[in-house]
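Visitor: have a look at this prediction, sequence included:
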Amino acid sequence: MQPASLPTVPRLRSVTTMIDDPGPLRDLLPEAGACAWFHRDDGMIGLGEAARCEVTSLAEANAWWKAVATALDDGSAQDPLPSGVGSLAFGTFVFDDTNTTRTSVLVVPSIVVGSREGRHWMTRVGPADAPLPEPVLPVPTTTPQGPGAVSWSDGAMSGPDWEEVVAGAVERIAQGRLEKVVLARNVIATTQAPIDPRWLLGRLSPRYPRCWTFWVDDMVGATPEMLVRVDQGLVTSRVLAGTIWRGALGPKRRSPGETGGRGVEDTFSSTAIAEVLSQSEKNLGEHQLAVESVARALAPHSTSMNVPETPYVLELPNVMHLATDVNAVVRPGTTALALAAALHPSAAVCGTPTDVARATIAEIEGMDRGRYSGPVGWIDSHGNGEWAIGLRCGRLQPDGRSIEIFAGCGIVADSVPATELAESNAKLVPMRDALEG
Ligand SMILES: C=C(O[C@@H]1C=C(C(=O)O)C=C[C@H]1O)C(=O)O
């Protein structure tokens, strides 16, 4: 639905030029007032703000950005530019706009520097009637420093209290009130020195190359889950649900005669852990609900779709997930933000049925998710973009010396609260390690 009135639509001008290899994009970032998006060796950074818009919903953001893109005067020599190259908006959206004090935001940087598949570019954006920023690479005035000693405290509730909430959800599921609900918890890190987002990015991005490492506004993280990527009408959604982690199976006891001696404790191999995950009825059921929710939401927008029957195992340094890549061809003119609006919240972060799960989260989770588990990503002026789900992330607090980090788990009929708590701890590892090393 098109919102009745839009926030002010600025008239912008942009110019994109291909540039020589600028080196690691991370090294060009200032400590504040920037956005970043890294995946493997590719990435984009946004500096400064040509425009910023606080929006109430993904639909409103889509309408606003479409209006900005229509009014945009694009003076680039190469037209049309490849997907993702040119003026962009980065954004971070709340999980549930009816149950938060936080806002969603789109930021149009005044300079974007990007690298993809060995090609590099710079886009400059500014008001249509003013000179554009100079085409020079930014030189940061400070280098990222670590945050020093970190102390941890419970967020909205302690681990044991959260286990009780999980037990309550399992009971509701047993009563047939819903099939699945994703419950999350938060933990607060307070640091000795200010938290420099670049420090976190520098530790997340090399360690989690299969994830999308992001810094948008006050959100920093490395998420493995892609809600929707749109590239010239081709759509991919990476659905994750169903998790296992090293240590989940406990210590392995070697049987007598097995190499290594009798009774020696060992950990299970990655292959053994992956096999347990891919054969777990609980995890496969949970995963199926998430895939179905995505396929159902994509169908009305698609002319063809491929939904693999069996998930694969995505291995990350901290956890393994059941993963399915859903591919589709969408109707012309369908933007990445329009699809994010259709897909969010998927059963991977909310539950099934969606409305009951969302209401259950609001009732029993006991914290404000804010932008955690909401879409985070970017959109270009042609509607191509990537909107991941804001997971494995934290919200930098205004005091500069604390960060709230989050993790959640899909709760189904046979969930065990202590196991879910352990799973949530495994999901907190990337941000914990980024802060503490
Ligand atoms: C909710 C989170 O992760 C989601 C829940 C998963 C699960 O329950 O198995 C797996 C991946 C994500 O879809 C999180 O990381 O905070």
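Guide: That came through, no problem.
Visitor: can you show me the strands along the stretch 51-200 of the chain?
Guide: Ranges of strands in the stretch 51-200 of the chain, per DSSP state E, counting those that start in this stretch, are 51-55, 73-74, 88-92, 104-108, 111-116, 119-127, 150-154, 180-191.
Visitor: packed most tightly, which of these would that be?
Guide: strand 88-92 (a mean of 28; mean count of other CB atoms under 10 Å). C-betas here are computed from N, CA, C, even on glycine.
Visitor: so how far is that one from its chain's centroid?
Guide: 13 Å (CA atoms, centre = their mean, to the nearest Å).
Visitor: what mean pLDDT does it have?
Guide: Averaging pLDDT along strand 88-92 yields 98.
Visitor: can you check stretch 67-77 too?
Guide: 89.
Visitor: now stretch 330-345
Guide: Here the average pLDDT along stretch 330-345 is 97.
Visitor: what about it, how long is it end to end?
Guide: Using CA to CA, to the nearest Å, the end-to-end distance of stretch 330-345 comes to 19 Å.
Visitor: contacts for it?
Guide: For stretch 330-345, contacts defined as CB atoms under 8 Å, 6 or more residues apart in numbering pick out 57-59, 61-62, 65-66, 91, 93, 95-96, 227-230, 233-235, 237, 294, 297-298, 300-303, 354, 358, 373-375, 377, 379, 383-387, 389.
Visitor: filter the residues you listed to the buried ones?
Guide: For the contacts of stretch 330-345, a burial check counting by 16 or more other CB atoms under 10 Å picks out 57-59, 61-62, 65-66, 91, 93, 95-96, 227-230, 233, 235, 237, 294, 297-298, 301-302, 354, 358, 373-375, 377, 379, 383-387, 389.
Visitor: how about the residues of the stretch 151-300 of the chain by the ligand?
Guide: Applying CB under 6 Å from any ligand atom, we find that the stretch 151-300 of the chain lies next to the ligand at Val182, Ala184, Glu225, Leu240, Ala241, Gly242, Thr243.
Visitor: I'd assumed the fourth one was in a strand, is it?
Guide: Okay, so that is Leu240. Yes: using DSSP: H, G, I helix; E, B strand; the rest coil, the assignment for Leu240 is a strand.
Visitor: can you give the distance of the strand or helix carrying Arg203 from its chain's centre?
Guide: Per DSSP states H and E: Arg203 is located in helix 197-207. Remark: helix 197-207 is offset 15 Å from the chain centroid, using CA atoms, centre = their mean.
Visitor: what helices and strands are in contact with it?
Guide: Applying 3 or more CB pairs under 8 Å, 6 or more residues apart in numbering; DSSP states H and E, one finds that helix 197-207 contacts strand 34-39, strand 212-216, strand 219-223, helix 417-436.
Visitor: can you give me the neighbour number for Val291?
Guide: 24 (other CB atoms under 10 Å).
Visitor: which phi and psi does it have?
Guide: phi -60, psi -40 (degrees, to the nearest 10).
Visitor: which one (most neighbours) among the residues of the stretch 151-300 of the chain next to the ligand?
Guide: Ala241 (29 neighbours).
Visitor: distance-wise, check the nearest residue to it once chain neighbours are set aside relative to Met431.
Guide: Nearest non-adjacent residue to Ala241, counting by CB to CB, 6 or more residues apart in numbering: Ala290, 3.8 Å away. According to CB to CB, to the nearest Å, Ala290 stands 23 Å off from Met431.
Visitor: and if you look at Ser153?
Guide: 15 Å.
Visitor: repeat that for Asp355.
Guide: Asp355 is 30 Å from Met431, by CB to CB.
Visitor: just to revisit the earlier point, give me the buried positions along the helix holding Arg203.
Guide: Those would be Pro197, Arg198, Trp199, Leu200, Leu201, Gly202, Arg203, Leu204, Ser205, Arg207, for helix 197-207 by 16+ other CB under 10 Å.
Visitor: which ones are touching the second one?
Guide: Right, Arg198. Arg26, Leu29, Glu31, Pro144, Trp215.
Visitor: drop anything exposed from those.
Guide: Arg26, Leu29, Glu31, Pro144, Trp215.
Visitor: returning to that earlier point: on the three-state scheme, the residue nearest to Ala241 is what?
Guide: Ala290 - assigned by three-state DSSP - is helix.
Visitor: and the pLDDT at it?
Guide: So Ala290 comes in at 95 (pLDDT).
Visitor: and stretch 37-44, which residues are buried?
Guide: Buried-residue list, stretch 37-44, by 16+ other CB under 10 Å: Trp37, Phe38, His39, Gly43, Met44.
Visitor: tell me which of those is nearest to Arg395?
Guide: When these are compared for distance to Arg395 (CB to CB), Trp37 comes out closest, at 17.4 Å.
Visitor: which helix or strand contains the nearest residue to the closest one once chain neighbours are set aside?
Guide: Spatial nearest neighbour of Trp37, excluding adjacent residues (CB to CB, 6+ apart): Met44 at 5.0 Å. Met44 is part of strand 42-47, with elements assigned from DSSP H and E.
Visitor: go on, Phe406?
Guide: strand 402-411.
Visitor: so in that sheet, which strands flank that strand, and in what orientation?
Guide: strand 180-191 (antiparallel), strand 393-396 (antiparallel) (DSSP bridges).
Visitor: pipe these into TSV and attach distance to Ser278 per row.
Guide: Shown next, in TSV, are the strands paired with strand 402-411 (distance: least, CB to CB, whole Å):
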stretch	distance to Ser278
strand 180-191	19
strand 393-396	27
